[in-house]
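**Student:** test case, fold it:
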Amino acid sequence: MASIDLDKVLDKAWADKSLPEILAAPVGALKGVSDRDGELLQEAFGVKTITDLAELKYVRWAQALAALDAAK
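**Tutor:** Predicted structure coming up:
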């Protein structure tokens with residue numbers, strides 16, 4: 001089972017929320033992602049939530065390429 005330290009990846013206001021709440025949260029809930037970054041992601045790719053970002057095909061492609069490189 002995968003695990004993650006939510007305090008390291010989420011702004012403090014979101015660290016105690018449930019997983020469904022976090023996935024529905026705006027991308028600005030991620031530590032280091034500003035509200036302006038979120039606006040730009042929405043304008044460029046239609047990304048509004050953390051789930052939208054995770055499902056973005058460009059993110060998946062980049063992860064797949066990085067996994068291929070790590071496997072060599």
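**Student:** tell me the pLDDT of residue 2.
**Tutor:** The model reports residue 2 with a pLDDT of 78.
**Student:** SS state for it?
**Tutor:** Following DSSP: H, G, I helix; E, B strand; the rest coil, residue 2 is assigned to coil.
**Student:** now do it against residue 38, distance only.
**Tutor:** 24 Å (C-beta to C-beta, to the nearest Å). Backbone N, C-alpha and C define where each C-beta goes, glycine included.
**Student:** between the two, which is the more surrounded one?
**Tutor:** Neighbour comparison, residue 2 and residue 38: the larger count goes to residue 38, with 19 against 3 (by other C-beta atoms under 10 Å).
**Student:** how near is that one to residue 62?
**Tutor:** In terms of C-beta to C-beta, residue 38 sits 19 Å off from residue 62.
**Student:** which ones are touching residue 17?
**Tutor:** Residue 17 is in contact with residue 25, counting by C-beta atoms under 8 Å, 6 or more residues apart in numbering.
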